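K.L.:
Give me a 3D structure for the following:
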Amino acid sequence: MTHVETNTSSPVHAKSSARGERLLEVRDLSVSFNDGNDWFEVLNKVSFDVKPGETVGVVGESGCGKSLTALSILGLLPRRGCRRTGQILFDGGDLVAFGEGDMRKVRGRKIGMIFQEPMSALDPVFTVGYQITETVRAHFKVSSREAHERAVAALAAVGIPSPSNCAAMYPMSLSGGMRQRVMIAMALVCEPQLLIADEPTTALDVTIQAQIMDLLEELSQRTGTALLFITHNLGLVAESCSRMLTMYAGQVVENGPVDEILSRPLHPYTAGLLGSLPQAKHRKSKLPSIPGRVPSPRDMPAGCRFAPRCTYVEAGCRMSQQLVGHGARHARCWRSDTLVLPGAAV
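P.N.:
Numbers count the residues shown, from 1 in each chain. The predicted structure is shown next:
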């Protein structure tokens, strides 16, 4: 058992991926907001890596900080009333130190994003083709014709039938599954190194969910794009991700290889999420659930943030918890080396 210490003294250049280095390194990322009276922290020392070409899942309930982490990576949090500390190392630079002009060169070109609600991300007054074309022209010095050709090719690559016709359509004319494919095409048209997918299948039925996940996996394998997959669906993580991290109340509470975490979680919160999954043994009974709710950033409990909801709580849980290393895995629980928590067949 080892305590994890983050070393941020030496620069890491993600572009040197040929030497096995990481594409993205998030180190001790903390985010605070000001409500006009005081500052309150919403992310606390979040750290994780994404390697070139791999798919990493981020799980947790709503309000745990998953989407805020993604928005912070992309520099989409408000500039006023928001404070970021730590490092986001990508392509030889620290994105935390980037200004808006520098981030515009990163967003879309080097890091793409698929948002949870396509209708909120797509502009209803412009055609699909125009919006993808503008994405291309924002990052490449190409003619309108070539940009349009790239847009149509991107629509074809995500499996949209008659991509030329689709390019001439408005978002409201498309089904939910088709709009999500358009979002994927827009995110991938500039061939980014990293794609962040924030709950990309939440509003879709099970069949379309499977199609979208198969598409993302196929595109990632074909293009070498790494994927940071944010979701509450552990089943999708089990099928698509090699590593995962569990977030709770603005902190990473567990991370490691997916198969190891699912078979034997080290943190009670991860075990609680797994225990809430529908399984054959629950067919005639009420599904188990985690009691209580995620605490407000303004009212965080002392010590372990999950302690008020945890069935394994002890006196030592009132102390501040650090990530504890267990080989390739880490857990933010002082009892992680002695607790035997139930896993799940996902």
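K.L.:
for this protein, what are the low-confidence residue spans?
P.N.:
1-20, 279-285, 346 (pLDDT under 70).
K.L.:
Quick one: the helices in it, in order.
P.N.:
66-73, 100-106, 118-121, 128-139, 144-157, 163-167, 176-188, 206-223, 234-240, 258-263, 268-275 (DSSP state H).
K.L.:
I'd guessed Ser220 sits against Thr55; true?
P.N.:
Yes. Between Ser220 and Thr55 there is a contact under CB atoms under 8 Å: 6.3 Å. The way it works is simple: take the backbone N, C-alpha and C, and place the C-beta from them, glycine included.
K.L.:
more neighbours, those two?
P.N.:
Using other CB atoms under 10 Å as the criterion, Ser220 and Thr55 rank with Thr55 on top: 24 against 19.
K.L.:
Please name the residues that touch that one.
P.N.:
Glu217, Ser220, Ala226, Leu227, Phe229, Ser240, Cys241, Ser242 (CB atoms under 8 Å, 6 or more residues apart in numbering).
K.L.:
I figured Pro200 was touching Arg181, is that so?
P.N.:
No. Assessed by CB under 8 Å, Pro200 is found out of contact with Arg181, at 10.2 Å.
K.L.:
got any residues that touch both of those two?
P.N.:
The overlap between the contact sets of Pro200 and Arg181 (CB under 8 Å, 6+ apart) consists of Ile212.
K.L.:
about what we covered before: export the helices of the chain as JSON lines, with columns for distance to Phe33.
P.N.:
Listed next are the helices of the chain as JSON lines, based on distance: least, CB to CB, whole Å:
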{"stretch": "helix 66-73", "distance to Phe33": "10"}
{"stretch": "helix 100-106", "distance to Phe33": "19"}
{"stretch": "helix 118-121", "distance to Phe33": "21"}
{"stretch": "helix 128-139", "distance to Phe33": "29"}
{"stretch": "helix 144-157", "distance to Phe33": "36"}
{"stretch": "helix 163-167", "distance to Phe33": "39"}
{"stretch": "helix 176-188", "distance to Phe33": "27"}
{"stretch": "helix 206-223", "distance to Phe33": "31"}
{"stretch": "helix 234-240", "distance to Phe33": "28"}
{"stretch": "helix 258-263", "distance to Phe33": "30"}
{"stretch": "helix 268-275", "distance to Phe33": "24"}
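K.L.:
Ok, which of those helices comes nearest Leu29?
P.N.:
helix 66-73 (6.4 Å; CB to CB).
K.L.:
Does anything pack onto the closest one? Which helices or strands?
P.N.:
Identification of packing neighbours for helix 66-73 by 3 or more CB pairs under 8 Å, 6 or more residues apart in numbering; DSSP states H and E yields strand 24-34, strand 39-50, strand 55-59, strand 82-90, strand 194-198, strand 226-230.
K.L.:
So what touches it?
P.N.:
Against helix 66-73 from outside (CB under 8 Å, 6+ apart): 24, 26, 29, 31, 42-43, 46, 58-60, 77, 84, 88, 90, 95, 111, 113, 116, 196, 198-199, 228, 230, 247, 250.
K.L.:
and that helix with strand 24-34, angle?
P.N.:
Interaxial angle, helix 66-73 versus strand 24-34 (axes from the mean of the first three to the mean of the last three CA atoms, to 10 degrees): 100 degrees.
K.L.:
Export helix 66-73 to PDB, keeping only CA atoms.
P.N.:
The C-alpha trace of helix 66-73 is given here as PDB (Å, rounded to 0.1, in the frame of the first residue of the first chain):
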ATOM      1  CA  LYS A  66     -17.500  14.600 -14.200                       C
ATOM      2  CA  SER A  67     -18.700  17.300 -16.700                       C
ATOM      3  CA  LEU A  68     -16.900  20.100 -14.800                       C
ATOM      4  CA  THR A  69     -13.700  18.200 -15.300                       C
ATOM      5  CA  ALA A  70     -14.400  18.000 -19.100                       C
ATOM      6  CA  LEU A  71     -15.300  21.600 -19.300                       C
ATOM      7  CA  SER A  72     -12.200  22.600 -17.400                       C
ATOM      8  CA  ILE A  73     -10.000  20.600 -19.800                       C
END
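K.L.:
which residues touch the nearest residue to Leu245 once chain neighbours are set aside?
P.N.:
What sits nearest to Leu245 in space, not counting adjacent residues and going by CB to CB, 6 or more residues apart in numbering, is Asn255, at 3.9 Å. Counting by CB under 8 Å, 6+ apart, Asn255 touches Phe48, Arg243, Met244, Leu245, Thr246, Arg329, His330.
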